[in-house]
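>>> build me a structure from this.
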Amino acid sequence: MSELAIGVDIGGGSVKAGLFDKEGKEKKESKQPIPSPLNEDSFIDTVKAAILPLLGDPNIKGIGIGSPGPIDADKGILISSANMPSLKNIPLKEKIESFSSLPVYYNNDANCAALGESIFGSQSHTDSQLILTLGTGIGGGFVERKKLFSGFQGNGVEIGHTTVVIDGAVCGCGGRGCVESYFSTRGFLGRYSEKTGVSLKNAEEFFQKVSSNDANAKEILDFGIICLAEAVRGAIHILNPESIVFVGGITASWNLYGERLSKEIRKRIFPVLNERLKIEVGKNFAGSLGAACLVFSNLGGQK
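Residues are numbered from 1 along each chain as shown. The predicted structure is shown next:
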C-alpha cells in the first residue's frame, strides 16, 4: 500500500487539511474556520477538528503543518502570527503529536509551498528552485535537489522583506521599504489608497483598474515590478537557482505583468546566469499538499 501523509495549512481564516499519497493525490479533505474569540485552546481544538476526520489509515506516516511565521520549526512552536495576533508561543508539534500518535513536521507555509512545487511542479526536473508566493504578502522558499533550505528555525528566505526602497513605505513587519510593500495585495492596495484616497477591496479590483488603463494603478504596478525584479536579482545572486517559480493568488493576473517582470529580472542579473535560468508560473498547489510534502521529504519519499 502507498504511504500516506496528512498536510495541514493554517491560514488567517481557516485550517485546511488533506490526506495525500506520494503522487500528490488527495484522498480526503477537511476544513475548519478559525474561531472567534481565538486563544491557544480554541486554536488547538480547531486544528484537531480538521485533522481527526483524516486519521485511521495505518499507512499514514506523519502530519505536516505549514503556517505563517515567525515559527520555531525545530521545536514545533508557532511564535506569533500577524493574522492571528492573540496566539503566542503555541507548542503546535507537541499538542498534535499527543492526540494523533504520529510524527509531526512543521515549517513556514512559504517553505511548504516551495517544497510542494519542487516535487510536483513543472520545474521538478531542475536541480534547484527558488519559489516566490505572491499574495497578501510575498513569501519565499529555496529547494536544492529536493532538500528544503529552511534557515534558522524555519524562517529563512524571507524575500518579501528585502529592502528595495530606503526609508520607504511601512511594511506589515514594521520595517520600511520592503518589496512586499510594493508588490503584493497589501502593497498594491496600500499604495493606491495613499495615491488616490480610494480603498480597493482586493487584488482583483486593483488589476481591473490596471486593465482599464487607470493611470495610478498602472504607475503603482510598474514601480512594483521594478521593486520585485530588484529583490529577485539579489536572491538570484545569493542562491543561484536553476529556476524561479512564481505561485500565489496574484499570478492569476500574470498576463498583466509577467512578461515585463521576467525581462526586468533578466536584464539585472549577471548575463551568464541567463544561459540556464528558467522563469515560470507555478501550478499553485493546495497549501495542505505542500505541508504533506514535509512528511514525504523526511521519509525520503520524494519523486
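>>> OK, contacts around the residue positioned nearest the centre of the chain?
Nearest to the mean C-alpha position of the chain, counting by Cα atoms, centre = their mean, stands Ala110 at 2.8 Å. Residues near Ala110 by Cβ atoms under 8 Å, 6 or more residues apart in numbering: Ile131, Thr133, Gly139, Gly140, Gly141, Val157. (C-beta placed from N, C-alpha, C; glycine too.)
>>> A strand includes the last one, no?
No - when DSSP: H, G, I helix; E, B strand; the rest coil is applied, Val157 is found to be coil, with no strand at that position.
>>> that one reaches Leu115, doesn't it?
No - contact between Val157 and Leu115 fails when scored by Cβ atoms under 8 Å: they sit 11.9 Å apart.
>>> now the common contact residues for the two.
Gly141.
>>> who's more crowded, those two?
Shown here are Val157 and Leu115; by other Cβ atoms under 10 Å, Leu115 has more neighbours (30 against 24).
>>> can you tell me the SS state at the more buried one?
helix.
>>> now do it against Ala231, distance only.
Applying Cβ to Cβ, to the nearest Å, the value for Leu115 to Ala231 is 21 Å.
>>> what's the longest helix in the protein?
The longest helix of the chain (DSSP state H) is helix 215-239.
>>> quick check: buried residues in it?
Neighbour counts using 16 or more other Cβ atoms under 10 Å place 217, 220-221, 224-236, 239 of helix 215-239 among the buried residues.
>>> ok, Val15 touching Ala50?
Yes - if you go by Cβ under 8 Å, Val15 and Ala50 touch, sitting 4.5 Å apart.
>>> what is in contact with the two at once?
Val8, Lys31, Gln32.
>>> out of these, who's nearest Ser212?
Lys31 (34.9 Å; Cβ to Cβ).
>>> strand partners of the one helix or strand that closest one maps to, parallel vs antiparallel please.
For Lys31, the element it lies in under DSSP states H and E is strand 26-33. Next to strand 26-33 in the sheet, as set by DSSP bridges, lie strand 14-21 (antiparallel).
>>> would you map the strands across this structure?
In the chain, the strands defined using DSSP state E lie at 4-10, 14-21, 26-33, 60-67, 71-72, 77-80, 88-90, 104-108, 128-134, 138-144, 147-149, 243-247, 278-281.
>>> can you tell me what sits against the first one?
Read it as strand 4-10. With Cβ under 8 Å, 6+ apart, strand 4-10 has contacts from 15-22, 27, 47, 50-51, 54-55, 57, 59-68, 78, 102, 109, 112, 286-296.
>>> my guess is Phe296 meets Lys22, correct?
Yes - counting by Cβ under 8 Å, Lys22 is a contact partner of Phe296 at 5.8 Å.
>>> and for the two, which residues touch both?
With Cβ under 8 Å, 6+ apart, Phe296 and Lys22 have common neighbours Glu3, Ala5.
>>> in terms of neighbours, single out the busier of these two.
Phe296 (27 against 19).
>>> quick one, what contacts Cys112?
With Cβ under 8 Å, 6+ apart, Cys112 has these contacts: Gly7, Asp9, Gly64, Gly66, Gly141, Gly287, Gly290, Ala291, Cys293, Leu294.
>>> partner residues bridging the second one?
The bridge-partner assignment for Asp9, based on DSSP bridges, gives Lys16, Gly66.
>>> how many residues are close by it?
25.
>>> with the first one instead?
Taking other Cβ under 10 Å as the neighbour definition, Gly7 ends up with a count of 32.
>>> which non-adjacent residue is nearest it?
Nearest non-adjacent residue to Gly7, counting by Cβ to Cβ, 6 or more residues apart in numbering: Ala292, 3.1 Å away.
>>> residue contacts, that neighbour?
Ala5, Ile6, Gly7, Gly18, Phe20, Gly64, Gly116.
>>> and the gap between the closest residue in space to the fourth one that isn't next to it in sequence and Ala114?
Nearest residue to Gly18 in three dimensions, chain neighbours excluded: Ser288, at 3.9 Å (Cβ to Cβ, 6+ apart). Relative to Ala114, Ser288 is positioned 15 Å away (Cβ to Cβ).
>>> check Ile238 too.
On the measure of Cβ to Cβ, Ile238 and Ala114 end up 15 Å apart.
>>> now Lys22
In terms of Cβ to Cβ, Lys22 sits 18 Å off from Ala114.
>>> what do you get for Pro33?
Pro33 is 27 Å from Ala114, by Cβ to Cβ.
>>> the two: who's more crowded?
Ala114 (32 against 11).
>>> contact partners for that one?
Ala114 neighbours (Cβ under 8 Å, 6+ apart): Gln129, Leu130, Ile131, Gly140, Gly141, Phe142, Val143, Leu148, Val157, Gly290.
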